[in-house]
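K.L.:
Kindly return the folded structure for what I paste below:
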Amino acid sequence: VLERCCAYLEEWVMERDRQGPDTRYSGSVPPSLDVYQFIWDRTRMIRKDFILQNYVGTGARCSASAVRCHERIARWHAMVEHQLSHISEYVVQQSQQNIQELGQTM
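P.N.:
Numbers count the residues shown, from 1 in each chain. You can find the predicted model right below:
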């Protein structure tokens, strides 16, 4: 289920700006920072869920799906750091937190 959640985020949410106008945003593309904050929150919960289910950690089973999800999340954090670095609001508020999350994911 967590792997499908990651796949959904990648296909339908991360690519929202490439899918054209969204009626929930007055027919425009959602702001990049809003999409970032939504995905950041969801990926954090996915990582925490893997920890709660004991898929990673000391003496735990390390399944291939857990590794794939963590790799997707780490790649997303690295990509977002590059793509949003031109937005001053992101740099001031989120950049350090994103780097910290990337480190925790890896």
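
K.L.:
Run through this structure and note the low-pLDDT ranges.
P.N.:
Residue ranges of the chain with pLDDT under 70: 16-17, 25, 27, 55-61, 90-93, 95, 98, 102, 105-106.

K.L.:
How many residues are close by Ile46?
P.N.:
20 (other Cβ atoms under 10 Å). All C-beta atoms are positioned from the backbone trio N, CA, C, and that covers glycine.

K.L.:
list the contacts for Ser65?
P.N.:
By Cβ atoms under 8 Å, 6 or more residues apart in numbering, the residues touching Ser65 are Leu2, Glu3.

K.L.:
I'd like the distance between it and Glu101.
P.N.:
Computed as Cβ to Cβ, to the nearest Å, the Ser65 to Glu101 distance reads 20 Å.

K.L.:
Check Met14 too.
P.N.:
Separation of Met14 from Glu101 (Cβ to Cβ): 15 Å.

K.L.:
Next: Leu2.
P.N.:
Leu2 sits 17 Å away from Glu101, going by Cβ to Cβ.
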